[in-house]
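A.B. asks: got a sequence here, can you build the structure:
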Amino acid sequence: MSELDKRLAGKVAVVTGGSSGIGQAIAIMMGKAGAKVVINYHSDENGAREAQQKIESQGSQAVIMQADVAQPEDCQRLINTAVEQFGQLDILVNNAGVQKDSSFVDMTLEQWNKVISTNLTGHFLCAQAATKEFMKRKVQPEEKTSAGNIIFISSVHDIIPWAGHVNYATAKGGVQMLMKTLAQELAPNKIRVNGISPGAIKTDINRSVWETEQGRKDMLTLIPYGRIGEPEDIARVAVWLATDEADYITGTTIYVDGGMTLYPAFSDNG
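C.D. replies: This next block holds a predicted model:
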């Protein structure tokens, strides 16, 4: 391994929703980069163990922990686990999320609350618990390192409306402003807060679309760059944002979307 490959050596990360898809890829890649990782899962223990095994096979350390991020006690246990197991916390990746899709007029309050509580409130609760831990550190303003690093995994639907998914798009829009407001408030404490907004990524949640020829063709009409993203595309950006190479970046969202936010329908003058 080169020195660059281990650029998170000595760091400890908590990754929520780390048992599958984007979260699993981030957990594995942070482990590969040398971080010790707490892998959170809600129900997919096997997926979390798979991520743990891959991290350990690369020479780093990982533990798995079941938690519901919509519950404040569970969020605090996640942070406590990082400190108890590895002595500190440096990075929180707020990735956990769900979809409960429905037309607006038919959406139930249960569907609305489930998505908002996991995708928005859960991010707030974990960020708050992590911030209290980060604030125990004293980092001088001139130092080119942070006291802590929070990365919100959002979606292009924090700016692109999505009919039939009003709960999801609303939660992601809320994550965008949560991230920016925290970045503004926590910057004097040398805590960096950023977001990554993926576009169309090959995960289990949309497998029924990208596994079919017609589904792939339809999806690619939304992606000027001409390919559907992989979870590792997001993971590489997350690792970089967590390093001191990105120390002067806070309050920023990086759209990893192959150009989906470029309004491709207007590429031929509309």
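
A.B. asks: quickly run through the sheet partners of the longest strand along the chain, with directions.
C.D. replies: Longest strand in the chain, counting residues (DSSP state E): strand 191-198. Counting by DSSP bridges, the strands paired with strand 191-198 are strand 148-153 (parallel), strand 253-256 (parallel).

A.B. asks: poorly predicted segments of this structure, please.
C.D. replies: Along the chain, segments meeting pLDDT under 70 span 1-4, 270.

A.B. asks: cutoff 90 now
C.D. replies: By pLDDT under 90, the low-scoring segments of the chain are 1-5, 138-139, 141, 203-215, 265-270.

A.B. asks: longest helix anywhere in it?
C.D. replies: The longest helix of the chain (DSSP state H) is helix 166-186.

A.B. asks: which parts of that helix are buried?
C.D. replies: 166-176, 178-180, 182-183, 186 (16 or more other CB atoms under 10 Å). Using the backbone N, CA and C atoms, a C-beta is placed for each residue, glycine as well.

A.B. asks: can you map out the strands along the chain?
C.D. replies: 12-15, 36-41, 62-66, 91-94, 148-153, 191-198, 253-256.

A.B. asks: redo those strands as a markdown table? Include distance to Asn119.
C.D. replies: Output for the strands of the chain, formatted as a markdown table (distance: least, CB to CB, whole Å):
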| stretch | distance to Asn119 |
| --- | --- |
| strand 12-15 | 16 |
| strand 36-41 | 14 |
| strand 62-66 | 19 |
| strand 91-94 | 10 |
| strand 148-153 | 10 |
| strand 191-198 | 13 |
| strand 253-256 | 16 |
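
A.B. asks: now tabulate these in TSV and tack on distance to Thr108 and mean neighbour count.
C.D. replies: Formatted as TSV, the strands of the chain follow (distance: least, CB to CB, whole Å; neighbours: other CB atoms under 10 Å):
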stretch	distance to Thr108	mean neighbour count
strand 12-15	30	28
strand 36-41	26	28
strand 62-66	26	19
strand 91-94	26	30
strand 148-153	26	26
strand 191-198	27	25
strand 253-256	30	19
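
A.B. asks: out of those, nearest to Arg137?
C.D. replies: Among the strands of the chain, the nearest to Arg137 by CB to CB is strand 148-153 (7.1 Å).

A.B. asks: what segments of the chain are helices?
C.D. replies: Residue ranges of the helices in the chain, as given by DSSP H, are 21-32, 45-57, 72-86, 109-116, 122-134, 166-186, 207-210, 213-220, 231-242.

A.B. asks: tell me which other helices or strands the fifth one touches.
C.D. replies: Looking back up the chat, that one is helix 122-134. In terms of contacts (3 or more CB pairs under 8 Å, 6 or more residues apart in numbering; DSSP states H and E), helix 122-134 is packed against helix 72-86, strand 91-94, strand 148-153, helix 166-186, strand 191-198.

A.B. asks: try 10 Å this time
C.D. replies: strand 12-15, helix 72-86, strand 91-94, strand 148-153, helix 166-186, strand 191-198 (3 or more CB pairs under 10 Å, 6 or more residues apart in numbering; DSSP states H and E).

A.B. asks: that helix vs helix 72-86, what angle?
C.D. replies: Using axes from the mean of the first three to the mean of the last three CA atoms, to 10 degrees, the inter-axis angle of helix 122-134 relative to helix 72-86 is 40 degrees.

A.B. asks: now do helix 122-134 against helix 109-116, angle only.
C.D. replies: Calculated by the same axes, to 10 degrees, helix 122-134 forms an angle of 30 degrees with helix 109-116.

A.B. asks: list the buried residues of helix 122-134.
C.D. replies: 122-127, 129-131, 133-134.

A.B. asks: same question for the third one.
C.D. replies: When neighbours are counted by 16+ other CB under 10 Å, the buried residues of helix 72-86 are found to be 74-79, 81-82, 86.

A.B. asks: alright, calling it a day.
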